[in-house]
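1. What follows is a predicted structure for the sequence shown.
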Amino acid sequence: MNPTLLAESIRDQALALGYDKCAMIPLPRLEGYGSVVDSRLRRIPEDSFKDLDKAVLANFFAFRLLSETYPWAKSAVIAVMGYGVYKIPQNLKGKVAKYFCVDSRRDPNSFEFQASVALESFLVANGLRVATERKFGLLPLRWAANKAGLGRGRKNNFFYTHKGSWVHLEAWLIDQDLELTETTDLAPCPINCHLCQKACPTGALTEAYLTRPGSCLTLLNALSLVNWIEHPYSRAAGDWIYGCELCQTSCPFNEGLWREEREYPGLEELSLNMDLGRILELDYEFIKEKLVPKFWYLTADRAWQWKLNVLNAMKNHWDSGYTPYLRHAMRDDVPEVRVMAQWVLRQVYPV
Ligand code: B12
Ligand code: SF4
Ligand code: SF4
C-alpha cells in the first residue's frame with residue numbers, strides 16, 4: 001500500500017478502536033532524548049538520592065539504542081488514549097494513584113488492553129514487522145508523543161492532550177518509513193506557574209521538566225523496598241500507599257478533566273478489601289492473589305510492603321480507630337511489619 005494511505009489507515013483504525021490520537025514518526029526524529037536526560041542528570045544535586053535517580057534512568061538506557069537493538073525498525077506508531085473516565089472507589093482516592101486503579105497494561109479484561117492488541121493485529125495484518133512492550137514501553141513515550149505533535153509536554157513532565165495528563169501512551173516500532181504527525185493548539189504552561197513543583201511533597205520536581213525519579217513517591221512506595229522508619233520522606237508520603245499524583249491534580253490544565261462515567265472491571269470489588277485497616281488484616285495469599293496482579297509494581301516477594309505503606313499512612317494521619325489494626329500488625333507473620341508497627345505505636349503514642 002502507498003505509505004501515505006497506510007499511515008492514514010493505521011490512524012483511522014486506532015481512532016475506530018477508541019484511541020484519541022495516533023501518529024507515526026521516523027526513528028531519526030526521536031534523536032536527542034539521551035542528551036536531554038544527561039543534561040538533567042548533571043543538574044541534579046549530589047545528594048543521597050542521586051544514585052537512585054541514576055539507577056532508574058540507567059534502566060531505560062535501551063531507549064537510546066533503538067536503532068542498534070531493532071536495526072530493522074524505521075518508524076514508530078504512537079497512540080494515546082484517555083483513561084480519566086472511570087469511577088474511583090472513595091477509599092482509594094488520595095491513597096492509590098488513579099493511574100494504577102485503572103492500569104490496563106497487563107489487564108486483558110480492560111477495554112484499553114483489548115484495543116492495544118487489536119491495533120497490533122491490524123499492523124501485522126498490513127504486512128508490517130512490529131515490536132512493542134506493554135509494561136514500560138520500548139521507547140521514551142512522552143518524548144515521542146511530543147515530537148509527533150500529539151499534545152504538549154508540561155513543566156510537571158507530563159504529556160497532555162485536551163483530556164489533560166490523564167492519558168496513557170503506547171508505541172510500536174515498525175519496519176516501514178511512515179510519517180503522519182500533528183501540531184498541537186494547547187496553550188503552554190504560564191511562565192510564572194509553579195503549582196506542580198510546589199505540590200510535590202518530596203521536592204522530586206526539582207525544576208520545570210526535571211523530575212527526580214529516585215525521590216518520586218511512586219518509585220518509593222510501589223517500586224522499592226522502603227522501610228519507612230526514620231526515612232527522610234516518611235512524612236512527605238502522606239496518605240499515599242501506592243503511587244502519587246499531586247503534580248497532576250495540582251495542575252490547572254487538569255481541572256475537571258477526570259469524569260467518573262464508567263466502571264473499571266473488578267475495581268469496585270477489589271476496593272472492598274482495601275480500607276487501610278483491612279489491608280493490615282489481609283493474609284499474604286490474598287495479597288498475592290488479588291492485589292499483586294492488579295498493582296503489579298509491588299511484586300509477590302515483597303507483598304508485605306503494602307502493610308508498611310499502610311502503617312506509614314496511618315502514622316501520618318493518625319486516627320484512634322486504627323488502634324486495633326495496629327495491634328493486629330504487631331502480631332503479623334512478617335518481622336518487618338511487626339517492627340514498623342512498634343515504631344508507629346511509639347510515634348503516635350509517645351511515652
Ligand atoms: C521510568 C518511568 C517512571 C519512573 C520515573 C519517572 C520520571 N519522571 O522519570 C517512575 C517510577 C518514578 C514513574 C512514575 C510515574 N509514572 Co511513569 N514512566 C516511566 C517510563 C517507563 C519511562 C520514563 C522515562 O524515560 N523517564 C526519564 C525521563 C527523563 O524522561 P521522560 O519522563 O520521558 O521525559 C521526557 C519528556 O518530559 C520530554 N519533554 C517533554 N516536554 C519537554 C519540554 C522540554 C523543554 C524538554 C527539555 C523536554 C521535554 O523530555 C523528557 C526527556 O526525554 C514511562 C514509559 C515510557 N516508556 O516512556 C512511564 C510514564 C512516563 N509514566 C507514566 C505515569 C502515569 C506515571 C505516574 C503518574 C504513575 C502514578 N500515578 O503514580 C508516576 C508519576 C511520576 C512522575 N512525576 O513522572 C506515564 C505518563 C503519561 C503522561 N500523560 O505523561 C508514562 C508515559 C507511561 C505510559 N505508558 O503512559 N514513571
Ligand atoms: S508523583 Fe508525587 S512525588 Fe512524584 S513527582 Fe509527582 S508529586 Fe512528586
Ligand atoms: S501546574 Fe502550572 S507549571 Fe505545572 S504543569 Fe500545570 S500549568 Fe504547567
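-> It's in. Every value quoted in this text rests on a predicted model; they were computed, and no experiment measured them. Residues are numbered from 1 along each chain as shown. Ligands and ions are numbered 1, 2, ... in the order given.

2. As a check, name the ranges of all helices in the stretch 1-150 of the chain.
-> 3-17, 33-43, 50-59, 66-69, 98-101, 111-125, 141-147 (DSSP state H, counting those that start in this stretch).

3. Using TSV, please lay out these together with mean pLDDT.
-> Below are these laid out as TSV (pLDDT from 0 to 100):
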stretch	mean pLDDT
helix 3-17	97
helix 33-43	93
helix 50-59	93
helix 66-69	94
helix 98-101	98
helix 111-125	98
helix 141-147	98
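
4. What residues does the protein have near ligand 1?
-> By Cβ under 6 Å from any ligand atom, the residues of the chain that approach ligand 1 are 33, 36-37, 40, 56-57, 60, 97, 99, 136-137, 140-143, 146, 153, 157-159, 165, 167-169, 209, 211, 213, 216, 218-219, 223, 243-245, 247. Every residue, glycine included, has its C-beta placed from N, CA and C.

5. For the chain, give the residue positioned nearest to ligand 1.
-> Residue of the chain nearest ligand 1, by Cβ to the nearest ligand atom: Gly153 (2.2 Å).

6. Can you check the pLDDT for that residue?
-> As predicted, Gly153 sits at a pLDDT of 97.

7. wait, doesn't it sit right on Asn146?
-> Yes - using Cβ atoms under 8 Å, Gly153 is in contact with Asn146, at 4.7 Å.

8. shared neighbours of those two, anything?
-> Phe159 (Cβ atoms under 8 Å, 6 or more residues apart in numbering).

9. middle-most residue in the protein, spatially?
-> Tyr99 (6.1 Å; Cα atoms, centre = their mean).

10. what's near enough to touch it?
-> Contacts of Tyr99 by Cβ under 8 Å, 6+ apart are 83, 166, 168, 243, 245.

11. how much space between the fourth one and ligand 2?
-> Summarising the geometry, the distance separating Gly243 from ligand 2, computed by Cβ to the nearest ligand atom, to the nearest Å, is 7 Å.

12. Phi first, then psi, for the closest residue to that residue other than its chain neighbours.
-> In this structure, Gly243 finds its nearest non-sequential neighbour in Ala97, 2.8 Å apart by Cβ to Cβ, 6 or more residues apart in numbering. With angles defined as degrees, to the nearest 10, Ala97 sits at phi -60, psi 140.

13. Ala97 and Cys247 touch, don't they?
-> No - here Ala97 does not reach Cys247: they are 10.8 Å apart, not a contact under Cβ under 8 Å.

14. since we're on Leu6, how many residues are nearby?
-> 19 (other Cβ atoms under 10 Å).

15. okay but it is in contact with Asp177, surely?
-> No - counting by Cβ under 8 Å, Leu6 does not reach Asp177; the two are 10.5 Å apart.

16. domain parsing for the protein?
-> For the chain, automatic domain parsing gives the domain ranges 3-174, 195-348.

17. Indicate which one of these is closest to Pro188.
-> Checking the domains of the chain against Pro188 by Cβ to Cβ gives domain 3-174 as the closest, at 6.7 Å.
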